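Q: Give me the fold of what follows.
(one chain, ligands or ions: 1)
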Amino acid sequence: MPEGHTIHRAAKDQLPMLNGHALAVSSPQGRFLEHAQEIDGQVCLSVEAYGKHLLYEFSNGLTLHIHLGLFGKFKTRKRPAKEPVGAVRVRMESPTHIIDIKGPNTCELLNPDERKALITRIGPDVLRKDADATRASTRILKSKAPIGLLLMDQAVIAGIGNFYRTEILWRCQVNPLTPGKDIDQTTFDSLWDDAVALLEIGVKYNAIITVDGVARSKSRYRERVNIFNKPHCPKCHGGITRIEMATRRVFYCKTCQPTI
Ligand SMILES: [Zn+2]
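A: Just a heads-up that it's a prediction; the model follows:
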């Protein structure tokens, strides 16, 4: 599943392609035909990411809401347009670019009230300047749930996916099984700050890079990680433990991330 940085990067890349233009919107696959007609010809006013959700706002007040889920993909290209390849749910055409969206988990139109309700449901997004970290800390510091689960709960804190969860907890020396209520404010702040720093690097380089000081230019499109799916801890050289939380893999080092 794409992590938050992928969606923010998509918003950043697509904004100049679409913003301020009347877009031709269609559904080559046909599954979004009627809704595509409602925004066809409307001017795109903004492209914004909230966690893993991408929102395209149009001049008639409607917002196209996309959540890629596990298998969804964006394909962007410059004009001229080519025939859609595969099942393209939505195609948006500006005077300069074509954006195809395939296989999204969510693809729907929202009115202004529904847009507001969605944004309220999403936890503070570590990549947004307007994020209110207190909303996340309030919930995490009184929760009995393990921090490994809370960091992935997009209603609690938005943007962190599976790779980043493991890496942030290791970097901050927090065991993923620690209940939220056993975490103090200082530790929460370090988790939040590290998430912001790592995901910003992710947006900039379009890659998951969690090892300090790696050659970023060479690591584009490759994961540069400390312990995710690795046999040994780079700090203490001990073995890495693998567990599953809510069906997703989590890795940690028993020495560097002891249970409290
Ligand atoms: Zn270690």
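
Q: Only C-alpha atoms from now on, for both contacts and neighbour counts.
A: Will do.

Q: pLDDT on stretch 212-230, on average?
A: If you average the pLDDT over stretch 212-230, you get 73.

Q: Now do the strands for the stretch 151-260 of the chain: every range, in order, please.
A: Per DSSP state E, counting those that start in this stretch, the stretch 151-260 of the chain carries strands over the ranges 240-245, 248-253.

Q: Is the ion within reach of the first one?
A: No: judged by C-alpha under 5 Å from the ion, strand 240-245 stays clear of the ion, getting no closer than 7.6 Å.

Q: ok so, going back, now, of the strands of the stretch 151-260 of the chain, which is deepest in the fold?
A: strand 248-253 (a mean of 21; mean count of other C-alpha atoms under 10 Å).

Q: Name the nearest residue to Gln173, ignoring sequence neighbours.
A: Using C-alpha to C-alpha, 6 or more residues apart in numbering and skipping the chain neighbours, the partner closest in space to Gln173 is Gln257 (4.7 Å).

Q: again with Cys253
A: Ile240 (5.0 Å).

Q: that older thread, compare the strands of the stretch 151-260 of the chain and report which one is nearest to Tyr205.
A: Nearest to Tyr205, of all these, is strand 248-253, at 23.9 Å by C-alpha to C-alpha.

Q: Show residues contacting that closest one.
A: Outside strand 248-253, the residues within contact range by C-alpha atoms under 8 Å, 6 or more residues apart in numbering are 148, 162, 165-166, 169-170, 175-176, 227-229, 233, 238-244.

Q: Which among those count as buried?
A: Neighbour counting by 16 or more other C-alpha atoms under 10 Å classes 148, 162, 165-166, 169-170, 175-176, 227-229, 233, 239-241 among the contacts of strand 248-253 as buried.

Q: How about the residues of the stretch 151-260 of the chain by the ion?
A: Cys233, Cys236, Cys253, Cys256.

Q: Surely the first one touches Lys254?
A: No: shown here, Cys233 and Lys254 do not form a contact pair, counting by C-alpha atoms under 8 Å, at 9.5 Å.

Q: picking that back up, now intersect the contacts of strand 248-253 with the helices, please.
A: Secondary structure from DSSP state H places Gly148, Asn162, Arg165, Thr166, Leu169, Trp170 of the contacts of strand 248-253 in helices.

Q: end to end, how far does stretch 229-237 reach?
A: End-to-end distance for stretch 229-237: 14 Å, by C-alpha to C-alpha, to the nearest Å.

Q: Which residues in that stretch does the neighbour count mark as buried?
A: Neighbour-count burial for stretch 229-237, counted by 16+ other C-alpha under 10 Å, picks out Asn229, His232, Cys233.

Q: Tell me what the closest residue to the first one other than its chain neighbours is bridged to.
A: Meaning Asn229. Distances taken as C-alpha to C-alpha, 6+ apart place Phe251 nearest to Asn229, at 7.0 Å, with adjacent residues excluded. For Phe251, the beta-bridge partners are Arg242 (DSSP bridges).

Q: Which residue does the stretch 101-250 of the chain have closest to the ion?
A: Cys236 (4.1 Å; C-alpha to the ion).

Q: pretty sure that residue contacts Cys256?
A: Yes: between Cys236 and Cys256 there is a contact under C-alpha under 8 Å: 7.3 Å.

Q: Local confidence estimate at the residue of the stretch 101-250 of the chain closest to the ion?
A: 98.

Q: Could I get the full set of helices for the stretch 51-200 of the chain?
A: For the stretch 51-200 of the chain, the helices defined by DSSP state H, counting those that start in this stretch cover 112-121, 133-140, 147-150, 162-171, 185-205.

Q: could these be laid out in a markdown table, adding distance to Leu54 and mean pLDDT?
A: A markdown table is the format used below for those (distance: least, C-alpha to C-alpha, whole Å; pLDDT from 0 to 100):
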| stretch | distance to Leu54 | mean pLDDT |
| --- | --- | --- |
| helix 112-121 | 11 | 97 |
| helix 133-140 | 21 | 98 |
| helix 147-150 | 22 | 98 |
| helix 162-171 | 19 | 96 |
| helix 185-205 | 14 | 96 |
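
Q: Reformat these into JSON lines and put distance to Arg89 next to each item.
A: Listed next are those as JSON lines, based on distance: least, C-alpha to C-alpha, whole Å:
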{"stretch": "helix 112-121", "distance to Arg89": "21"}
{"stretch": "helix 133-140", "distance to Arg89": "34"}
{"stretch": "helix 147-150", "distance to Arg89": "32"}
{"stretch": "helix 162-171", "distance to Arg89": "26"}
{"stretch": "helix 185-205", "distance to Arg89": "25"}
